[in-house]
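After the sequence you'll find the predicted model.
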Amino acid sequence: MLSIPKQNVRSKISVLGVVQMISALTILNLLFTILSFFNVTDVEENYDMDQPMEFGRYRDEKLSIDVIPGAPLIILKPEEVFTRVSRKNHHDNHKFETIKNGIFMSVRTTNKYHKSRLKILLDTWISEVPENTWIITDEEDGWLVQYIRDHFKNAKPHILNTHCPTTSEHKWALLCKLHWEYRTFLSSNKSWFCHFDDDSFVNIGMLTNLLSSHSEDDVVYIGRTPSKTPITAMAYDTENVEPESFGFNETTNETTWVMPQSTFQRVAFHYALGGAGFCISRQLAVDMKEYALGSRLMHMAASINLPDDCVFGYIITHQLNVSLITTNLVHTHMENLTLIPKSSLQQQVTLSYSLPEETRHSEMENIRDTKKNVVENAENSVFFHRNLSDSNVIKPNLTKPNVVNLNKYFPAKYDPTRFYNLHQLVYIRGVQHVDRV
């Protein structure tokens, strides 16, 4: 009978135990990585809120070129917004009203969605602040004019027909409208420019709170970043581009340019998602004139070949070196809205929705076309950063509604977007109102 020395047995058992332990640790690490990927907690839990997220000049080893960063990201805690305006005395009340009345609320839409989307906003939150609202659209619509005339007896929202092309007609269509939003704000007497899409519900009280600790005389850029880290893109060396190489016809809204054989630079910057809503102060808007008026805005867009919200972010955080103040209180239809707790719905600044019957194929195709060169030239393209890696993320789902979990006042059958329910909760039956926070 073969006899195995006890020492060898112990040695083999010891080695086997080490191997099993390493395997177990590897599996646990893998599970932790997977769980981290699907983590839906706020960014604030993962970062030191006392310090801004900073990044310095670094090198891209793949391309062996320096990446030139913009301003660092500043992360705002939700509780800083919830208790900002106390409303305990007349002075606070006056301050609140002054800030609220100084907001230029721009709602970007298109003729196709006047009856399906814009009507819902007119019935809900726009009805609370019509005189502060500018509807930015692309075609004349007698129905829209008549609806506003019938439903707004005193103050009425403003309508601006930009004659911009639709997204299916031109890849810079959204940038064209954003340009008109921006220049219309500059000609107004408002203190804050806030951009929203036609699928956004806005809580005016919380928006006012969000802006209340800042001054219109400061350079302020507030919104939601789509990524914890800055996006990178290949940008033309615009200093070597002749101004006459670009043209922007404000009558026909057509853009032409001749791109010279200039050098590239790889840039990194933060930007606020247009779909979630963002705000800039008047002082910042004035500082942006050098880059954002007329052909100069198209100059910037062509130099990085990115969509409208990215272009604004590039101008602000890279060209002007102003930090984006990011908050998770604004939301886009590209995140899982069903995961927002009912108890916190009144505390959100913006909310959104997407419905299966509202096909977004043409819009998504336009986004992909706009970003084609970025995917080819930049490893971390904006298209992939749109996945909101710091939040409760889902990809756009056209097979089922992506809406907040609220049907207390109206059944889903009559309120598929949940915006009428939100209006009841926030402005009518809830604690928060447009004039009380």
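That came in fine, so what should we check first?

what is Leu73 paired to in the beta sheet?
Residues found in beta-bridge contact with Leu73 (criterion: DSSP bridges) are Met53.

Identify the residue spatially nearest to Phe193, adjacent ones excluded.
Phe185 (4.2 Å; C-beta to C-beta, 6 or more residues apart in numbering). All C-beta atoms are positioned from the backbone trio N, CA, C, and that covers glycine.

Wait, the one you found touches Phe104, no?
Yes: in this structure Phe185 lies within contact range of Phe104 using C-beta atoms under 8 Å: 4.7 Å.

if you count what's nearby, which of those two comes out ahead?
Higher neighbour count among Phe185 and Phe104: Phe104, with 24 against 20, using other C-beta atoms under 10 Å.

Give the helix, strand or coil label for the more buried one.
For Phe104, the secondary-structure state derived from DSSP: H, G, I helix; E, B strand; the rest coil is strand.

That one touches His195, doesn't it?
No: the criterion here is C-beta under 8 Å, and Phe104 misses it with His195 at 9.3 Å.

picking that back up, between Phe185 and Phe104, which contacts overlap?
Overlap of the contact sets of Phe185 and Phe104 (by C-beta atoms under 8 Å, 6 or more residues apart in numbering) consists of Phe193.

low-confidence ranges in the stretch 251-400 of the chain?
For the stretch 251-400 of the chain, residues meeting the criterion pLDDT under 70 lie at 251-264, 358-398.

Helices along that one, start to end?
In the stretch 251-400 of the chain, helices defined by DSSP state H, counting those that start in this stretch lie at 282-287, 289-292, 295-304, 308-313, 361-370, 372-377, 382-385, listed in chain order.

could you say what helices and strands the fourth one packs with?
When contacts are defined as 3 or more C-beta pairs under 8 Å, 6 or more residues apart in numbering; DSSP states H and E, helix 308-313 sits against helix 173-186, helix 295-304.

ok, residues contacting it?
The set of residues external to helix 308-313 that reach it, using C-beta under 8 Å, 6+ apart, is 172, 174-175, 177-178, 231, 233, 269-275, 278, 292, 297, 300-301, 304, 324, 382.

Any idea how many residues pack against Lys98?
If you look again at residue 98, you'll see it is Thr, not Lys. When neighbours are defined as other C-beta under 10 Å, Thr98 has 12 of them.

got a pLDDT number for it?
In this prediction, Thr98 carries a pLDDT score of 92.

and it, what does it touch?
By C-beta under 8 Å, 6+ apart, the contact list for Thr98 is empty.

Going by secondary structure, it is in what exactly?
Here Thr98 sits within helix 90-101, counting by DSSP states H and E.

Which parts of that helix count as buried, going by neighbours?
Of the residues in helix 90-101, those buried under the neighbour-count criterion (16 or more other C-beta atoms under 10 Å) are 95-96, 99-100.

ok, so of those, who is nearest Lys413?
The shortest approach to Lys413 among those belongs to Lys100, at 34.1 Å (C-beta to C-beta).

quick one: the closest one and Ile204 touch, right?
Yes: between Lys100 and Ile204 there is a contact at 6.4 Å, judged by C-beta under 8 Å.

Quick one: the strands in the stretch 301-437 of the chain, in order.
Defined through DSSP state E, counting those that start in this stretch, the strands belonging to the stretch 301-437 of the chain, from first to last, are 325-326, 350-351.

Pull up the gap between the closest residue to Gly223 other than its chain neighbours and Thr327, please.
Of all residues beyond its chain neighbours, the one nearest Gly223 is Ala272 (2.5 Å), with distances taken as C-beta to C-beta, 6+ apart. Distance, Ala272 to Thr327, using C-beta to C-beta, to the nearest Å: 10 Å.

which residues do the two both contact?
With contacts taken as C-beta under 8 Å, 6+ apart, the residues that reach both Ala272 and Thr327 are 222-224.
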